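**Student:** Sharing a model prediction with you, sequence too.
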Amino acid sequence: MKPQAALRLALRDFYEHSWLLFAINAALGVALVVAVLATLATPLAVGAVALAGPLLAAVVHCAVTLQRTGNLAVADALEGLRLHWRHGVVLALAGASVLGLAVVALRFYGTSEVWPLAFLTLYVLVLLLIYELVLWTFVIAAPARGLRRNASEAAGFVASRPVSTLALGLALVLVNIAGIAAAVMPFLTLTVAYTFLATAHFVLPPTTEETT
């Protein structure tokens, strides 16, 4: 699916189920605010972000469910939390470790004579975040494949569609930056769900409705 089509379908799904997605992301938002503030205070606290992993896994499960069925209920969020909390912890810890290393690198390079490397660090971080979006979707959509195979599948997907994946990723980065600029909590309770909805539509096989 083309990036613009994925963004459009995600907007439709989000509008139709906004009340439930908002409620789910409100819980995620509180957890992320606490974890990110702790990480910014000291990179050694990066493991705190993993605490939000199970909630994020539930959000991704809701996105995958919406993409596949067109329907969503409170029970789906609870089911996603039950099924994927372990994967959520592992993936969030991995992502938090990358973020922590990036923060350290940006602080070091930004105040040194080799400050241009800070831009390279930021560029690599954006690429890794885009890969993480695809990886989360693959893992939650097909947990039976295991983390290692899903990581390989996600890398293969990105490699097979580098331009369109980058285009979607950059569009979603801009959406989230706009959300952050607006206010912290609206960002956490709105754009996270939209981001994973768009990724699910982009990554997963289209449904019959989407192909007609």
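**Tutor:** Looks like it arrived, so ask away. Numbers count the residues shown, from 1 in each chain.
**Student:** ok, now how distant is the most centrally placed residue in the chain from Leu172?
**Tutor:** Nearest to the mean C-alpha position of the chain, by Cα atoms, centre = their mean, lies Leu133 at 4.4 Å. Leu133 is 7 Å from Leu172, where distance means Cβ to Cβ, to the nearest Å. Where C-beta positions appear, they are placed from N, C-alpha and C, glycine not excepted.
**Student:** Tell me the residues that contact both of these two, please.
**Tutor:** Any residue near both Leu133 and Leu172 by Cβ atoms under 8 Å, 6 or more residues apart in numbering counts here, and that gives Thr195, Thr199.
**Student:** one step back: give me every residue that touches the residue nearest to the centre of the chain.
**Tutor:** Taking Cβ under 8 Å, 6+ apart, we find Leu133 in contact with Gly169, Leu172, Thr195, Phe196, Thr199.
**Student:** any idea which element it lies in?
**Tutor:** With elements taken from DSSP states H and E, the one containing Leu133 is helix 116-141.
**Student:** before we move on, back to that, among the contacts of Leu133, which ones are buried?
**Tutor:** Gly169, Leu172, Thr195, Phe196, Thr199 (16 or more other Cβ atoms under 10 Å).
**Student:** Quick check: closest non-adjacent residue to the second one.
**Tutor:** In this structure, Leu172 finds its nearest non-sequential neighbour in Thr195, 4.9 Å apart by Cβ to Cβ, 6 or more residues apart in numbering.
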